[in-house]
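Visitor: Provide a 3D model corresponding to the input given below.
(chains A and B)
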Amino acid sequence: MLKNITIGQFFPGNSLIHRLDPRAKLMLTVALIVAVFLSQGFAGFALVLLFVAMAARMSRISLKFLVRGLKPILYIVIITFVLNLFFQSEGRVIFRWNFIAVTDGGLRRAAYMAVRLVLLVTSSQLLTLTTSAISLTDGLEALMRPLKKIKFPAHEIAMMMSIALRFIPTLMEEADKIMKAQMARGADFESGSLFKRAKAMVPLLVPLFVSAFRRADELAMAMEARCYHGGEGRTRMKQLRYGRRDLAAALAVALLIAAIATLNALGVF
Amino acid sequence: MPIAIKHLTHTYMPGTPFETRALFDVSLSIRDGEFVGVIGHTGSGKSTLIAHLNALIRPEPGRVIVSGVDVGQKGQSLIEIRREVGLVFQYPEYQLFEETVEKDVGYGPRNLGLPDAEVKVRVAEALSQVGIPEELSGKSPFELSGGQKRRVAIAGVLAMRPSTLVLDEPVAGLDPAGREELLKLIQDIHKGGVTVIMVTHSMDDAARLCGRLIVLNRGEVAFDAPPAEVFRHGDELVEMGLDVPECVKLVKRLNECGFHLPDNLFRMEDVERAILKEVRGC
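Guide: Residues are numbered from 1 along each chain as shown, chains lettered A, B, ... in the order given. Okay, the predicted model is just below:
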């Protein structure tokens, strides 16, 4: 019952996109997000969409996965759309009912915001779907390394992230098990008022917390047993190296941003 | 209460690439007062089978009938079935959550909507049944030792007074003394009139305690017979990733060396007697 979460899910593969350097992918995703924010109209969005669609095709991720990832933000998109629709009053009124008025400007604005949100999520999904948690955190750590000079704990944060990601499925499974065990003792998680349901979660959450702490303790012990002592002086089996494909990808994103900037300059929305 | 399972099949995550068939056309029935062992290799469907007995998984397709009540029927009160069939999961101590032992054991009875006085009586009874001394009942369950925690967790199920007790590897991870103690406890519960269904990986425990064994292999019932009958199929069991009790191996080896022991012995005492008989008879 808790198995349908796709956020941060990795879709294994060996495509060009999968093999990009994680640092490059991280930076390019940020650039892609900048491109989305830079677009002032649907022409720019169309370009970004085309780019994302091409990248998705190259990475052989099924469209179903990309669409499914949008599910959690569906309500946010709808609320954004509705709010913008009703509270934007520029332009010609195209629909009026009592005090509610919808203008063509509002409609445009609402669609613009909604599409922007969807594009933001889809382009960042490209990153998480094609990059395993390990290489993602490796990339993050490498990117944050310069910040170490100002005592920023880059390695620790990356390690925490990778541990957290690693344990999401484990805890999920554990929660399912405990839930079943409590249901066998007559627990009811599904009916009753909101307050009652929240209270019914206690027998699930307490054991889950206890086991999370126990696991943390065991993991710390296991890491120490293998001589873990922080990131200082640690070498890696897989060295990150930029390659020609990273350059190509960077150029592609640069071209995209340039195209959007040109559209903006020309006033094509 | 008798349990009947008819043509039960279960598939996890149907229609996705992760589809796995856990049970296939399982039919069996369990009579009152039996001590049934369920054995099978990891992934053979044991846990899925026992989750069905407690209505944690709805039978689909197939039917599970607990004391005449069809578990899969729409609108059927599940709590009634869960009261009838108590289910003790693997490592049940991980489900403890209350501040005191007493409260934790009382969780099930409270869910049944019983009055406080009745809950108190049942808690005291269940704790004494599993051999937890009264002075521990005010303690936090997290302060207890591993074996004690497990017994408290089992008491939490017993306090619901089930007529059938299902245990998923109850002695996993315990030390030899703890194992013996817990197995003894389960035997006592059985003697008290409760039907016991026990999943186990230990062929010796299965041979020693159970009156009947159900062997699952890839989601299907491979054998459903008394231990003597099941352990005669040693080679097939090994093929399924299982084993036979140590004493069955001993009998086989001795017979290869020229002994003439009967092949239906699976308890150490019986084997001992047979060997003595043969040696003295010579």
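Visitor: Look up the closest residue to the residue in the stretch 101-250 of chain B that chain A sits nearest to, ignoring the ones flanking it.
Guide: Closest residue of the stretch 101-250 of chain B to chain A, Cβ to the nearest Cβ: B:N111 (3.1 Å). For every residue, glycine as well, the C-beta is placed using N, CA and C. Spatial nearest neighbour of B:N111, chain neighbours left out: A:G186 (3.1 Å); criterion: Cβ to Cβ, 6 or more residues apart in numbering or on different chains.
Visitor: Please look at that neighbour and B:R82 and confirm they touch.
Guide: Yes. The pair A:G186 / B:R82 is scored as a contact, 5.6 Å apart, by Cβ atoms under 8 Å.
Visitor: quick one: common contacting residues for those two?
Guide: Both A:G186 and B:R82 are contacted by B:M160, under the criterion Cβ atoms under 8 Å, 6 or more residues apart in numbering or on different chains.
Visitor: Give me the more crowded residue out of the two.
Guide: B:R82 (26 against 19; other Cβ atoms under 10 Å in any protein chain shown).
Visitor: what about the helix or strand encompassing the more buried one and chain A, touching?
Guide: Using DSSP states H and E, B:R82 sits in helix B:78-84. Yes. Part of helix B:78-84 sits near chain A under the criterion Cβ under 8 Å from any Cβ of the partner chain, namely B:I79, B:R82, B:R83.
Visitor: Using TSV, lay out these together with pLDDT.
Guide: Formatted as TSV, those follow (pLDDT from 0 to 100):
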residue	pLDDT
B:I79	83
B:R82	88
B:R83	88
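Visitor: between those residues, which is nearest A:T137?
Guide: B:R82 (42.8 Å; Cβ to Cβ).
Visitor: remind me which residues of chain A are low pLDDT?
Guide: A:1-9, A:269 (pLDDT under 70).
Visitor: B:R179 - nearest residue in space that isn't next to it in sequence?
Guide: Closest to B:R179 by Cβ to Cβ, 6+ apart is B:V171, at 4.3 Å.
Visitor: Which residue does the stretch 101-250 of chain A have closest to chain B?
Guide: A:G186 (3.1 Å).
Visitor: Quickly find the element holding residue 52.
Guide: Reading this off chain A. Per DSSP H and E: A:V52 is located in helix A:42-58.
Visitor: you looked at the wrong chain, it should be chain B
Guide: B:H52 is located in helix B:46-53, with elements delineated by DSSP H and E.
Visitor: and the residue nearest the centre of chain B, what does it touch?
Guide: In chain B, the centroid-proximal residue (Cα atoms, centre = their mean) is B:M198; its distance is 1.4 Å. Shown in contact with B:M198 (Cβ under 8 Å, 6+ apart): B:F35, B:V36, B:G37, B:V38, B:V166, B:L167, B:P170, B:I186, B:D205, B:L209, B:C210.
Visitor: Check it and give its pLDDT.
Guide: The per-residue pLDDT reported for B:M198 equals 95.
Visitor: Kindly report the residues of the stretch 151-269 of chain A close to chain B.
Guide: So the stretch 151-269 of chain A meets chain B at A:174, A:177-178, A:180-188, A:202-203, A:206-207, A:210-211 (Cβ under 8 Å from any Cβ).
Visitor: Give me the distance between the two termini of stretch A:96-114.
Guide: 22 Å (Cα to Cα, to the nearest Å).
Visitor: residues in chain B within reach of chain A, list them.
Guide: So chain B meets chain A at B:13, B:51, B:54, B:56, B:79, B:82-83, B:86-87, B:89, B:92, B:94-97, B:107-108, B:111-112, B:142, B:156-157, B:160 (Cβ under 8 Å from any Cβ).
Visitor: Now that we have those residues, which of them are buried?
Guide: Among the residues of chain B next to chain A, the ones that count as buried by 16 or more other Cβ atoms under 10 Å in any protein chain shown are B:51, B:54, B:56, B:79, B:82-83, B:86-87, B:89, B:92, B:94-97, B:107-108, B:111-112, B:156-157, B:160.
Visitor: thought B:V64 was touching B:H52?
Guide: Yes. Here B:V64 reaches B:H52: they are 5.3 Å apart, a contact under Cβ under 8 Å.
Visitor: who touches both of these two?
Guide: In contact with both B:V64 and B:H52: B:I5, B:L8, B:V71, using Cβ under 8 Å, 6+ apart.
Visitor: Out of the residues you listed, which comes closest to chain A?
Guide: B:V71 (13.4 Å).
Visitor: before we move on, the earlier item: next secondary structure after the helix holding A:V52?
Guide: Per DSSP H and E, helix A:42-58 leads on to helix A:63-68 as the next helix or strand towards the C-terminus.
Visitor: Output the contacting helices and strands for that next one.
Guide: Secondary-structure packing of helix A:63-68 (3 or more Cβ pairs under 8 Å, 6 or more residues apart in numbering or on different chains; DSSP states H and E): helix A:104-130.
Visitor: Go through chain B and flag its longest helix.
Guide: helix B:176-191 (DSSP state H).
Visitor: Tabulate the CA atom coordinates of it in CSV.
Guide: Provided in CSV are the C-alpha atoms of helix B:176-191 (Å, rounded to 0.1, in the frame of the first residue of the first chain):
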residue,chain,number,x,y,z
PRO,B,176,19.4,-21.8,22.1
ALA,B,177,18.0,-21.5,25.6
GLY,B,178,15.6,-18.8,24.5
ARG,B,179,14.5,-21.0,21.5
GLU,B,180,13.8,-24.0,23.7
GLU,B,181,11.9,-21.8,26.2
LEU,B,182,9.7,-20.2,23.5
LEU,B,183,9.0,-23.5,21.7
LYS,B,184,8.0,-25.0,25.0
LEU,B,185,5.7,-22.0,25.5
ILE,B,186,4.1,-22.6,22.1
GLN,B,187,3.6,-26.2,22.9
ASP,B,188,1.9,-25.2,26.1
ILE,B,189,-0.4,-22.8,24.2
HIS,B,190,-1.2,-25.6,21.9
LYS,B,191,-2.0,-28.0,24.7
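Visitor: hmm, who's touching it?
Guide: Contacts for helix B:176-191 (Cβ under 8 Å, 6+ apart): B:33, B:35, B:129-131, B:146-147, B:150-151, B:154, B:158, B:165, B:167, B:170-171, B:174, B:196, B:198, B:205, B:209.
Visitor: Tell me the buried residues within the residues you listed.
Guide: B:35, B:129-130, B:147, B:150-151, B:154, B:158, B:165, B:167, B:170-171, B:174, B:196, B:198, B:205, B:209.
Visitor: any chance you could map the helices in the chain?
Guide: Here I'm looking at chain A. A:16-19, A:22-38, A:42-58, A:63-68, A:74-87, A:104-130, A:133-144, A:154-184, A:194-200, A:202-225, A:244-266.
Visitor: try again with chain B
Guide: Going by DSSP H, chain B shows helices at B:46-53, B:78-84, B:101-105, B:107-111, B:116-129, B:146-158, B:176-191, B:203-209, B:227-230, B:234-239, B:246-256, B:268-281.
Visitor: How about B:D224: which residues does it bridge to?
Guide: Beta-bridge pairing for B:D224 (DSSP bridges): B:I214.
Visitor: how many neighbours does it have?
Guide: B:D224 - counted by other Cβ under 10 Å - has 17 other residues nearby.
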